[in-house]
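Asks: how does the following fold in three dimensions:
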Amino acid sequence: PPFLVPSSMPSPRPTSLLLALTALLALSSLLVCTHASLARNTESASNDVFAMAMRGAWRGGAADADVSRNVTELISSKGYPVEDHYAITPKGYALSLQRIPRGLARDRLRGSTEPRPVVFLQHGVLDSANTWVINSKTESLAFILADAGYDVWLGNDIGNCYSMYNTHLSPDSDEFWSFTWDDLASDSLPTAIDYALGTSGAAKLAAYI
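Replies: Residues are numbered from 1 along each chain as shown. Below you'll find the model as predicted:
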């Protein structure tokens, strides 16, 4: 896309927002380590799915192929159609969006000309659209909704691995990272939802999650 991209991964910015996010990430890491430690000290540790994945022992010692896939590849690898889109915010940020326009064979609207209701899925803090498609077809909400007949859109917030673009700011600059929580709510989310509705032709969302 015609956006400015980082020459390298940006260094942490010494702002209160990033300090708070860093503390949250450290807490998450502690919980993961605690889980792994508990797993190793139980009799069923050898059968613990989390421990097996961490050791790269999934499926007889081979790493799960999903580990190296981006969100688009995670969707297409399960056989679902996927579209990549970019929505530009008023401040020039390019938000990466993924669309699953329909489901697979069990899609209840398969072959129908009935307009599909639009569902928008937005990830949480320190996350990405991967969260909606990382599990199996029957355990990932995005796939479940697509098979139920919905037009599914996945959002990505500014600054995550898929939305590192701006029309005039480089991700290497301090200005790129000067957005606030209010910006995400007042600019980013409305921009993404309006784009999804405009592209799909729907008048309103059937659901926002």
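Asks: rest of the way, CA atoms for contacts and neighbours
Replies: Noted.
Asks: which stretches of this protein form strands?
Replies: 83-88, 93-100, 118-122, 151-155, 165-166, 207-208 (DSSP state E).
Asks: can I get those strands in CSV with mean neighbour count and distance to Ser186?
Replies: As requested, those are exported to CSV (neighbours: other CA atoms under 10 Å; distance: least, CA to CA, whole Å):
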stretch, mean neighbour count, distance to Ser186
strand 83-88, 17, 13
strand 93-100, 24, 13
strand 118-122, 23, 15
strand 151-155, 27, 15
strand 165-166, 24, 17
strand 207-208, 12, 16
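Asks: out of these, flag the one nearest Ser136.
Replies: strand 93-100 (15.2 Å; CA to CA).
Asks: quick one: strands adjacent to the closest one?
Replies: When sheet partners are counted by DSSP bridges, strand 93-100 sits next to strand 83-88 (antiparallel), strand 151-155 (antiparallel), strand 165-166 (antiparallel).
Asks: Ala87 - nearest residue in space that isn't next to it in sequence?
Replies: Leu95 (5.1 Å; CA to CA, 6 or more residues apart in numbering).
Asks: and the one you found, what does it touch?
Replies: 86-89, 155-158, 162-163, 165, 188, 192 (CA atoms under 8 Å, 6 or more residues apart in numbering).
Asks: picking that back up, dump the strands paired with strand 93-100 to TSV, plus mean pLDDT and distance to Thr131.
Replies: Formatted as TSV, the strands paired with strand 93-100 follow (pLDDT from 0 to 100; distance: least, CA to CA, whole Å):
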stretch	mean pLDDT	distance to Thr131
strand 83-88	97	16
strand 151-155	97	10
strand 165-166	94	21
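Asks: can I get the ones you listed in JSON lines including distance to Val133?
Replies: Output for the strands paired with strand 93-100, formatted as JSON lines (distance: least, CA to CA, whole Å):
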{"stretch": "strand 83-88", "distance to Val133": "14"}
{"stretch": "strand 151-155", "distance to Val133": "10"}
{"stretch": "strand 165-166", "distance to Val133": "23"}
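Asks: how about these, which one is nearest Leu205?
Replies: strand 151-155 (9.9 Å).
Asks: between the closest one and strand 118-122, what angle do the directions make?
Replies: Strand 151-155 and strand 118-122 are oriented at 20 degrees to each other (axes from the mean of the first three to the mean of the last three CA atoms, to 10 degrees).
Asks: if we can go back for a sec, of all the strands paired with strand 93-100, which one is nearest Thr72?
Replies: The nearest among those, by CA to CA, is strand 83-88 at 7.4 Å.
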